[in-house]
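# Fold the following, please.
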Amino acid sequence: MIRVNLLGLPKPKKRAPVVTLEGSRSLVLLVVVLVLVALVQFYRYGSLQAEETRLTMLIQDQQAEKVRLESIKIEVEKFTAQKELLLKRISIIEELKSKQSGPTRLLDMLGTTVAKTNTL
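Here you go, the predicted structure:
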């Protein structure tokens with residue numbers, strides 16, 4: 001089949017696409033930026049892992065300290081209860097000692113009354 005151009009204008013011929021290296025700079029820049037971001041994120045990930053390990057150890061130490069202090073607290077409460085019991089006993093003993101002289105005075109008064117009275 002033959003084609004005839006009636007317009008008289010020559011038909012542009014299809015050319016092969018031209019490959020230029022103008023986009024390579026931006027591609028290299030993109031790759032460099034991506035590599036830098038990957039390195040920064042890798043460093044950050046490592047530092048966060050180290051921080052997690054340090055905090056985990058700190059938590060374990062604090063929990064061990066808490067258990068130790070709880071046992072000391074129980075011991076202190078036990079000693080406080082014993083102290084209260086001993087203070088009650090001491091107060092009872094002192095009260096009994098103060099009342100102990102009362103019957104002695106009563107017997108002395110009775111003795112002096114009997115000795116002074118002739119009719120008894």
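
# Quick check: mean pLDDT of the helix or strand encompassing residue 80?
In this structure, residue 80 is located in helix 24-116 according to DSSP states H and E. Averaging pLDDT along helix 24-116 yields 91.

# Might you calculate how far that helix sits from the centre of the chain?
Computed by CA atoms, centre = their mean, to the nearest Å, the separation of helix 24-116 from the middle of its chain amounts to 15 Å.

# what's the residue closest to the geometric middle of the protein?
residue 59 (6.5 Å; CA atoms, centre = their mean).

# Kindly indicate whether residue 17 is helix, strand or coil.
The three-state assignment at residue 17 reads coil, by DSSP: H, G, I helix; E, B strand; the rest coil.

# how near is it to residue 26?
Taken as CB to CB, to the nearest Å, the spacing of residue 17 relative to residue 26 amounts to 19 Å. Glycine gets a C-beta too; all of them are placed from N, C-alpha and C.

# Look at these two and report which has more neighbours.
residue 26 (9 against 6; other CB atoms under 10 Å).
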